[in-house]
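**Student:** Need a 3D model of the following:
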Amino acid sequence: MDCVKHSPRQISCLFSSLSVITNPNAKLRRFRPQFLLIKAGKTGQLRASVEEAHVPTSKVVTIPYSDLLDKTNDLSEKLETGFGANGLGIIAISHVPKYPVLRKNLLELSHSLAALPEEAKKDLEDADSRYSFGWSHGKEKLESGQPDKFKGSFYANPIVDVPTIDEGLIKRYLSYCRPNLWPRDTLPELEPAFKDLGRLIFNVGLLLAYHCDKYVSKQSPLNEVHKLEVMLGRSLCHKGRLLHYFPAVQSDRDQNIDGISSWCGWHTDHGSLTGLTCAMYMKDGSPLACPDNTAGLYIRTRSSAVVKAIYGEHDIAYQVGEATEILSKGLFHATPHCVKTPRGDKAHGVERNTFALFMQPNWDEPFSNIDSIGRLHKEIELQLTKSNGSMTFGDYSELVLNKYYGLRY
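**Tutor:** Numbers count the residues shown, from 1 in each chain. Model prediction:
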């Protein structure tokens, strides 16, 4: 995530994630009316008029780690405020032991990874997985339809190196079942740093999932069968993404970098929970403060309002994904979000490094809530209807990724 000093105790965090670009024209539910509304242009993209206006900031709901650790605590109010219908779909966990050091260790290596020779990075590409394992640069598309050259990503499962040896599953679920690719010869320190941070964020996320289960079971006892903590704990589908945003001056000049979604387009995560670090800005290999306090993570609310989300540099933020919205039958809500690049003379030559852990159900977990899926993806609702109202997360995920990357080749 990107970090921008906003006040002595507030840091603006920048996020990018893997998932489907959300339809800006989708009908959203009521939210606080004081936030700025965005408009959809003829192409369905968000107009730049928003960028020049004053966009409100909002401090993310924060839960101390000690409160999360105590399973007897009732965190219902904070969960509803952060993840519920009127929330931003994001909650931060503060004061996690060892986290600041593990974050620093990995994010500094993002610069080193991006600086490897092109041949070495080419060896880390996995085209068969849709570049969902190993190194990926310029393979995804911006909202304009152009290749995304602004950022490079390194994907790996920090929990297990080889999810399965079943060739049938590997061919069917290319984005989840293939083995990790590590630069053990060119950057051997990346693997332990990636796994250490990823597993910490995973374990904290399981604690948060436990409290989410308590809240959902109180509100809707019939949902108790879909225990989020147990489902994520047994899953082999989790995916970490280490991101390196190249300095804007190195990117193609013909790409628009002035929009509010200039570094990462509007999208909604399709997994269960996404654990986010606050980003580290660097110039010439050395960390520095963000040069533009308008840069950061922007979230679109249920009423199409845009707000900049703020949380602490040493907090772990968790965003709700579509899978949790579906399984909770709408008690928790996934929200579209994007990333805005820093602008101005001081931003020249500045790069950004961040990490996200996508906590997701296993590929064989069943999905059957047609109403929630239809609200998110009408075309997938049609597929669900054809399959007698049920599909697995793996099938759902492949359909979502088809929208973003195109049909499987």
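**Student:** Sort out which residues of the helix or strand harbouring residue 230 are buried, please.
**Tutor:** Using DSSP states H and E, residue 230 sits within helix 228-234. By neighbour count on 16 or more other Cβ atoms under 10 Å, the buried set for helix 228-234 is 228, 229, 231, 232. In short, each C-beta sits where N, CA and C put it, glycine included.
**Student:** Looking at these, point me to the pair that's furthest apart.
**Tutor:** Longest distance between any two of the buried residues of helix 228-234 is 7.3 Å, between 229 and 231; criterion Cβ to Cβ.
**Student:** So which elements touch the biggest strand by length in the chain?
**Tutor:** Counting by DSSP state E, the longest strand found in the chain is strand 351-359. Other elements packing on strand 351-359 under the criterion 3 or more Cβ pairs under 8 Å, 6 or more residues apart in numbering; DSSP states H and E are helix 99-114, helix 190-219, strand 239-245, strand 273-276, strand 280-283.
**Student:** tell me the most buried of the ones you listed?
**Tutor:** When you average the neighbours per residue for each of these (mean count of other Cβ atoms under 10 Å), strand 273-276 leads with a mean of 28.
**Student:** Contacts made by that strand with the rest, please.
**Tutor:** 1, 13, 15, 17, 201-202, 204-205, 208-209, 228, 232, 316-321, 324, 354-359 (Cβ atoms under 8 Å, 6 or more residues apart in numbering).
**Student:** need the helix or strand of the chain with the lowest average pLDDT.
**Tutor:** Least confident helix or strand, the chain: strand 36-37 with a mean of 32, by mean pLDDT, DSSP states H and E.
**Student:** related to what we said a few turns ago, tell me which of the buried residues of helix 228-234 is nearest to residue 284?
**Tutor:** Using Cβ to Cβ, the buried residues of helix 228-234 come closest to residue 284 at residue 232, 39.5 Å.
**Student:** end-to-end on stretch 280-291?
**Tutor:** End-to-end span of stretch 280-291 (Cα to Cα, to the nearest Å): 12 Å.
**Student:** gap between it and the chain center?
**Tutor:** 22 Å (Cα atoms, centre = their mean, to the nearest Å).
**Student:** just for the stretch 201-350 of the chain, where's the confidence low?
**Tutor:** For the stretch 201-350 of the chain, the stretches flagged by pLDDT under 70 are 221-226, 248-265.
**Student:** go with 80
**Tutor:** 220-226, 248-267, 302-303, 341-344 (pLDDT under 80).
**Student:** circling back: indicate which one of the helices and strands packed on strand 351-359 is closest to residue 167.
**Tutor:** That would be strand 239-245 among these, by Cβ to Cβ, at 20.6 Å.
**Student:** Helices along the chain, start to end?
**Tutor:** With helices called from DSSP state H, the chain shows them at 49-52, 65-69, 76-83, 99-114, 118-122, 167-172, 174-177, 190-219, 228-234, 322-327, 370-376, 378-386, 393-405.
**Student:** mind putting those in a markdown table, distance to residue 347 included?
**Tutor:** Below are the helices of the chain laid out as a markdown table (distance: least, Cβ to Cβ, whole Å):
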| stretch | distance to residue 347 |
| --- | --- |
| helix 49-52 | 15 |
| helix 65-69 | 33 |
| helix 76-83 | 31 |
| helix 99-114 | 17 |
| helix 118-122 | 25 |
| helix 167-172 | 42 |
| helix 174-177 | 33 |
| helix 190-219 | 26 |
| helix 228-234 | 37 |
| helix 322-327 | 33 |
| helix 370-376 | 35 |
| helix 378-386 | 39 |
| helix 393-405 | 28 |
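**Student:** List just the one of these that sits closest to residue 345.
**Tutor:** Residue 345 lies closest to helix 49-52 among the helices of the chain, at 18.0 Å (Cβ to Cβ).
**Student:** Go ahead and confirm residue 313 touches residue 278.
**Tutor:** Yes: the criterion here is Cβ atoms under 8 Å, and residue 313 meets it with residue 278 at 4.6 Å.
**Student:** Counting neighbours, go ahead and name the busier of those two.
**Tutor:** Taking neighbours as other Cβ atoms under 10 Å, residue 313 and residue 278 compare with residue 278 leading, 28 against 19.
**Student:** Residue 315 is in contact with that one, correct?
**Tutor:** Yes: between residue 278 and residue 315 there is a contact under Cβ under 8 Å: 6.9 Å.
**Student:** The closest residue to residue 169 other than its chain neighbours - how many residues pack around it?
**Tutor:** Spatially, and ignoring its direct neighbours in sequence, residue 169 is nearest to residue 177 (4.9 Å; Cβ to Cβ, 6 or more residues apart in numbering). By the measure other Cβ under 10 Å, the count of residues near residue 177 is 24.
**Student:** pLDDT score assigned to residue 177?
**Tutor:** Looking at residue 177, its pLDDT reads 93.
**Student:** got a list of what it touches?
**Tutor:** Contacts for residue 177 (Cβ under 8 Å, 6+ apart) come out as 163, 164, 166, 169, 170, 363.
**Student:** now the residues you listed as JSON lines including neighbour count and distance to residue 150?
**Tutor:** JSON lines is the format used below for the contacts of residue 177 (neighbours: other Cβ atoms under 10 Å; distance: Cβ to Cβ, whole Å):
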{"residue": "163", "neighbour count": "22", "distance to residue 150": "30"}
{"residue": "164", "neighbour count": "16", "distance to residue 150": "33"}
{"residue": "166", "neighbour count": "11", "distance to residue 150": "36"}
{"residue": "169", "neighbour count": "18", "distance to residue 150": "33"}
{"residue": "170", "neighbour count": "18", "distance to residue 150": "31"}
{"residue": "363", "neighbour count": "23", "distance to residue 150": "30"}
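**Student:** Noted, bye for now.
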